[in-house]
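1. Okay, sequence plus prediction incoming.
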Amino acid sequence: MNSPDVRRLFLALWPDNAVRDALVQLQRRLPPGIGRLVSGDNLHLTLIFLGSTSAERQGCIEEALTEVDATGFSLQLDRLGYWRKPQVLWAGSAATPPPLSALVRETQDCVHHCGGAVDDRPFQIHLTLCRKVRKAPRDLPAVTPISWPVKAFALVESVTAAAGVQYRVLREWPLAAGTSE
């Protein structure tokens, strides 16, 4: 699958500089030696992992995503979590904003329309902060909520380089202005 016509892709929320800086500050407060911190440049919240994607399917998905009719929203990253099997420590939210749920459903529909597979597990808000966390961490810092004004979603490519994996935003789609309700 090393064909130039196949890319490893995912759809994500890509933080702006202020949110990214707040996440990096949170990482700096984690216990030393807890695991391998995700590079600040790679911090993101995955909506859908697409995996190895042909140029044809990518084109179909990009075209379908232009029809997504979702509104922007505020996401509160207010808790830390740990998953033993993938050995990751993540930042998440105690509540899923309804516009985020709607965005995930709409983007999944676009991927299905183009013949792509979507993970059937329920969507869970998580932004990986640290990998290779071998045991459940103790003495984690309290999380001062990070307010993330989400105004767009992105198609991102995962590129393996000598220095490690790097993520590259290929395209972004703006979300409609949220309501004041």
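-> Looks like it came in fine.
2. Now the residue nearest the centre of the chain. Nearest residue, chain neighbours left out?
-> With distances taken as CA atoms, centre = their mean, the chain has Leu45 as the residue nearest its mean C-alpha position (1.8 Å). The spatially closest residue to Leu45, leaving aside those adjacent along the chain, is Leu13, at 4.2 Å (CB to CB, 6 or more residues apart in numbering). Every C-beta, even on glycine, is put in place using the N, C-alpha and C of the backbone.
3. ok, how many other residues are close to that neighbour?
-> A total of 21 residues lie near Leu13 under the criterion other CB atoms under 10 Å.
4. Just the helices from this structure, written as ranges.
-> Counting by DSSP state H, one finds helices in the chain at the ranges 17-28, 55-65, 98-113.
5. shouldn't Phe153 be in contact with Val169?
-> No. Phe153 is not in contact with Val169 according to CB atoms under 8 Å; the separation is 10.3 Å.
6. which neighbours do these two share?
-> Between them, Phe153 and Val169 share the neighbouring residues Trp14, with contact defined by CB atoms under 8 Å, 6 or more residues apart in numbering.
7. neighbour count winner among these two?
-> A direct count of neighbours by other CB under 10 Å for Phe153 and Val169 places Phe153 higher, at 27 against 13.
8. Can you tell me who that one pairs with across the strands?
-> Beta-bridge pairing of Phe153, defined through DSSP bridges, involves Trp173.
9. so what's it up against?
-> With contacts taken as CB under 8 Å, 6+ apart, Phe153 has the following neighbours: 11-14, 47, 68, 70, 103, 107, 172-173, 175.
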